[in-house]
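Undergrad: sequence plus the predicted model coming up.
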Amino acid sequence: EAGVTQFPSHSVIEKGQTVTLRCDPISGHDNLYWYRRVMGKEIKFLLHFVKESKQDESGMPNNRFLAERTGGTYSTLKVQPAELEDSGVYFCASSQETGRPKNIQYFGAGTRLSVL
Amino acid sequence: AQKITQTQPGMFVQEKEAVTLDCTYDTSDPSYGLFWYKQPSSGEMIFLIYQGSYDQQNATEGRYSLNFQKARKSANLVISASQLGDSAMYFCAMREGFRYAGKSTFGDGTTLTVKP
């Protein structure tokens, strides 16, 4: 079974440009999460989808970030326009809706975004 | 205040020896889950072990065990018989409340190096 896949693995763009990150969750996982790690600090939550609906977007830094999950399958995270402080590693994770405490979030390898 | 604290930025261990990676957490919610993830150089975050706040026994998964001290709010990861492949960054994470599919909060991570 395929794990969580993210594309691209690395993106280098200039300040002011637009970048779109993609995440394909594990098949059948209703929950999809975006996190990011900036400058070697802790991994911070951005938002959480349940199927195609945004369950929690409290971690989105500002309106330059737009996440979508059309059809409840893959998700995209667009940054427009990108700023220097957006550089970091963006992780995607997915989990089943088990209704139990041990609800493991499975992560992808991340997209490393460098804004120059 | 940070909810997850990993005080060891880097740790070294001799191959075949045991090592303990520290994690303390802060929450007022009686229901929570604690997770450890491993991130090798390939970038993917790999789930290792889970401990629920109501679990009576410490979690174990193969060579990994979790030393859960609820009163101290600590959830240290113990790796027995270290192998060279254990060299990686390790993250402690917590999920609070009965929203089992909610966001996770992470620590800064500990880089473990296993020496031959």
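TA: Happy to help now that I have it.

Undergrad: interface residues of chain B facing chain A?
TA: B:2, B:4, B:31, B:33, B:35, B:37, B:42-47, B:50, B:52, B:54, B:91, B:93, B:95, B:100-109 (C-beta under 8 Å from any C-beta of the partner chain). Every C-beta, even on glycine, is put in place using the N, C-alpha and C of the backbone.

Undergrad: for chain A, which residues are neighbours of chain B?
TA: A:3, A:9, A:31, A:33, A:35, A:40-45, A:48, A:50, A:55-56, A:59, A:89, A:91, A:93, A:95, A:97-110, A:112.

Undergrad: ChimeraX command to pick out the buried ones of those residues?
TA: Here is the ChimeraX command that selects the buried residues among these (16 or more other C-beta atoms under 10 Å in any protein chain shown):
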select /A:31,33,35,42,43,44,45,48,55,56,59,89,91,93,95,101,103,105,106,107,108,109,110,112
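
Undergrad: in chain A, which residue sits closest to chain B?
TA: For chain A, the residue closest to chain B is A:Phe107, as judged by C-beta to the nearest C-beta, at 3.5 Å.

Undergrad: confirm for me that that residue is in contact with A:Ser95.
TA: No. Assessed by C-beta atoms under 8 Å, A:Phe107 is found out of contact with A:Ser95, at 10.1 Å.

Undergrad: which residues in chain A form strands?
TA: Taking DSSP state E as the test, the strands found in chain A are A:5-7, A:10-13, A:19-24, A:31-37, A:43-50, A:53-56, A:65-68, A:75-79, A:88-95, A:106-107, A:111-115.

Undergrad: what bridges to the spatially closest residue to A:Phe65 that is not a sequence neighbour?
TA: Nearest-residue entry for A:Phe65: A:Val79, 5.7 Å, with adjacent residues in sequence omitted and distances by C-beta to C-beta, 6 or more residues apart in numbering or on different chains. Beta bridges link A:Val79 to A:Val19, A:Phe65, judged by DSSP bridges.

Undergrad: so what's A:Val79 up against?
TA: Listed by C-beta atoms under 8 Å, 6 or more residues apart in numbering or on different chains, the contact partners of A:Val79 are A:18-21, A:64-65, A:86, A:113.
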